[in-house]
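J.: Can you look at this prediction? I've put the sequence above it.
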Amino acid sequence: MNRRSILIMDTGPIWELVLYRAVKELGFTSLRRNLTYFVSPEAYENCGSFLSSFKRKTTSASVVAELYNFIRGTLPTGQRQLWKQVYEEFENMDMDEDVVRLLGMDAELVTKYGPTDVSLLEIARRNLTQRPVILTLDNPFHAECKKAQISAELLIEVCNPII
Amino acid sequence: MSFDIKPGRGSERVKAWVYTILNPVIDSLRRETDLLKSGNLSWRAHSRRLEYIRPISELIDANQQPNLEDFLVEHPTFGDRFVQHDSALAGLERATTEYVQGLLKASSFSERVNKCLEHYEAHLPFNPAYPDLMSRRDEIPEYVAEFIVNDSRSLPRHYAMYSFWKEYAEQFQDDFGGFTEAAHDNVKGKTRELLGISEQLRIDLETLRLTLVREYDIPAAPIEPARNTASENAISRLR
């Protein structure tokens, strides 16, 4: 299997990866209810196989800001450890991070989808020659990617591939 | 516990001890003992510490420091127990750091890492699914040492080191002789010591919590759902 070129990750899938390790490895059982896609080791494994099929993985600085909002909604005593998990996920999967300026984004799209999703689309546009793929768990955003002729995958389909 | 003025039934002061001190510490000690039992010390080369096993003061929200001080005034023996825990943790961190430093200096270890790496790189053209580790080549001995001390048998599939460790983990199961063997035994001994202290501390804190909730007729956790509901809404909104 040759490795595909570039994967652009939305907030949801990254948060799901962080939650899975926090619950399974570190025993943060109170976060289990927030884990909605990696409901079995197979789902996590399938996602891992999908991610590892890409040579390069990247995300947007806006995604990191959204992760901050997720973590801020958890109990204060566990926040340092969740941030540590985020750092480790980024390091261990060699995650890159791109910055997209607000002025570089289409105002209509920002109004409709918010700056994070639009920044991911912009990163995809910058890397069109590498046939980028966006991974998200947001159905409307997935549809918007298709409309913009950018390849996108939904996390639920990655976790439960049709064989 | 001896009070000049005994708190009344439903005491807010006792609730503060249970909710801001006992609950987070008990919860963290449960996770800590699970990690120690599984052999995962969560030691990290870059920080030279056990990342997910922390001193007691770090388990409590900094804003709750006055409640911690108040709790310890009325339960002074736990102050000593917390110090004992933190001292055992510091001992384990030192022992682990010494073991890793010994490993990294041992020529037999470096030779084995280099041999595995050469083998991995030589086979890259035949395994296109394997990532090129060139960018982290210098750090690989530290990664391997980390996997060894944390008893990591396998890694998540999407990690850059997954294929390397899947292929060569077996080759690092034995000790590397001399200093490293004694240092490894020292780590195991310090792990057992911390595990014993943590387990007993957790049991005693749970007993104290039960005594307090019975005596002062308070719930063991706050029953207002405000915080969790807000966080769940925030998460679903963002998703």
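T.: Received the coordinates, thanks.
J.: So what's the gap between stretch B:45-65 and the chain middle?
T.: Centre-to-centre, stretch B:45-65 and its host chain are 9 Å apart (C-alpha atoms, centre = their mean, to the nearest Å).
J.: Now tell me what touches that stretch from outside.
T.: Defining contact as C-beta atoms under 8 Å, 6 or more residues apart in numbering or on different chains, one finds that stretch B:45-65 is touched by A:26, A:76-77, A:80-81, A:84, B:16, B:20-21, B:24-25, B:28, B:31-32, B:35-36, B:41-44, B:68, B:82, B:85-86, B:89-90, B:92-93, B:96-97, B:100, B:142-143, B:145-146, B:194. C-betas here are computed from N, CA, C, even on glycine.
J.: What count of nearby residues applies to A:Ala107?
T.: A:Ala107: 10 surrounding residues under other C-beta atoms under 10 Å in any protein chain shown.
J.: quick one: it from chain B, how far?
T.: Distance of A:Ala107 to chain B, given as C-beta to the nearest C-beta, to the nearest Å: 21 Å.
J.: Name the nearest residue to residue 136, sequence neighbours excluded.
T.: Picked chain A for this. Spatial nearest neighbour of A:Thr136, chain neighbours left out: A:Asp10 (3.8 Å); criterion: C-beta to C-beta, 6 or more residues apart in numbering or on different chains.
J.: my question was about chain B
T.: B:Ala160 (6.9 Å).
J.: Point out where chain A drops to low pLDDT.
T.: For chain A, the stretches with pLDDT under 70 are A:1-2, A:163.
J.: where exactly do the helices run in it?
T.: Using DSSP state H, the helices of chain A run over A:11-24, A:41-52, A:61-72, A:76-92, A:107-126, A:139-147, A:155-159.
J.: now do chain B
T.: B:12-16, B:23-38, B:65-74, B:76-105, B:107-122, B:140-149, B:162-168, B:178-216, B:226-238.
J.: Looking at the ones you listed, which is nearest to A:Glu122?
T.: Nearest of those to A:Glu122, taken as C-beta to C-beta: helix B:226-238 at 19.5 Å.
J.: average pLDDT across that closest one?
T.: What helix B:226-238 shows for mean pLDDT is 42.
J.: re the thing from before, could I get the helices of chain B as CSV with mean neighbour count?
T.: Converted to CSV, the helices of chain B look like this (neighbours: other C-beta atoms under 10 Å in any protein chain shown):
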stretch, mean neighbour count
helix B:12-16, 16
helix B:23-38, 19
helix B:65-74, 15
helix B:76-105, 17
helix B:107-122, 14
helix B:140-149, 21
helix B:162-168, 18
helix B:178-216, 16
helix B:226-238, 13
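J.: I'd like those helices as CSV, with distance to A:Gln130 appended.
T.: Output for the helices of chain B, formatted as CSV (distance: least, C-beta to C-beta, whole Å):
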stretch, distance to A:Gln130
helix B:12-16, 55
helix B:23-38, 40
helix B:65-74, 51
helix B:76-105, 37
helix B:107-122, 24
helix B:140-149, 27
helix B:162-168, 22
helix B:178-216, 44
helix B:226-238, 28
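J.: Out of those helices, which is closest to A:Leu31?
T.: Taking C-beta to C-beta, helix B:226-238 is the member of the helices of chain B nearest to A:Leu31, at 10.1 Å.
J.: Walk me through the domains of chain B.
T.: As recorded under automatic domain parsing, the domains making up chain B are B:12-103+B:183-220, B:107-172.
J.: Just give me the lowest mean pLDDT stretch among those.
T.: domain B:107-172 (a mean of 93).
J.: Quick check: end-to-end length of it?
T.: 14 Å (C-alpha to C-alpha, to the nearest Å).
J.: distance of A:Trp15 from A:Tyr68?
T.: Going from A:Trp15 to A:Tyr68 by C-beta to C-beta, to the nearest Å gives 11 Å.
J.: more neighbours, these two?
T.: Between A:Trp15 and A:Tyr68, A:Trp15 has the larger neighbour count (other C-beta under 10 Å), namely 26 against 13.
J.: residues in contact with the more buried one?
T.: Applying C-beta under 8 Å, 6+ apart, the residues near A:Trp15 are A:67, A:70.
J.: what number of residues lie near A:Val118?
T.: Burial of A:Val118 is recorded as 25 neighbouring residues (other C-beta under 10 Å).
J.: Tell me who's in contact with it.
T.: By C-beta under 8 Å, 6+ apart, A:Val118 lies in contact with A:100, A:105-106, A:109-110.
J.: Adding neighbour count and distance to A:Glu153, write those residues out as TSV.
T.: Below are these laid out as TSV (neighbours: other C-beta atoms under 10 Å in any protein chain shown; distance: C-beta to C-beta, whole Å):
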residue	neighbour count	distance to A:Glu153
A:Val100	20	21
A:Met105	18	22
A:Asp106	12	23
A:Leu109	16	20
A:Val110	15	23
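J.: Please identify which of those is nearest to B:Gly10.
T.: Using C-beta to C-beta, these come closest to B:Gly10 at A:Val110, 50.6 Å.
J.: separation between the closest one and chain B?
T.: The value you get for A:Val110 to chain B, if C-beta to the nearest C-beta is used, is 16 Å.
J.: hang on, isn't that residue packed against A:Leu102?
T.: Yes - counting by C-beta atoms under 8 Å, A:Val110 touches A:Leu102, with 7.4 Å between them.
J.: hmm, back to that, list just the nearest of the contacts of A:Val118 to A:Pro41.
T.: Looking across the contacts of A:Val118 and measuring by C-beta to C-beta, the closest to A:Pro41 is A:Val100, at 35.0 Å.
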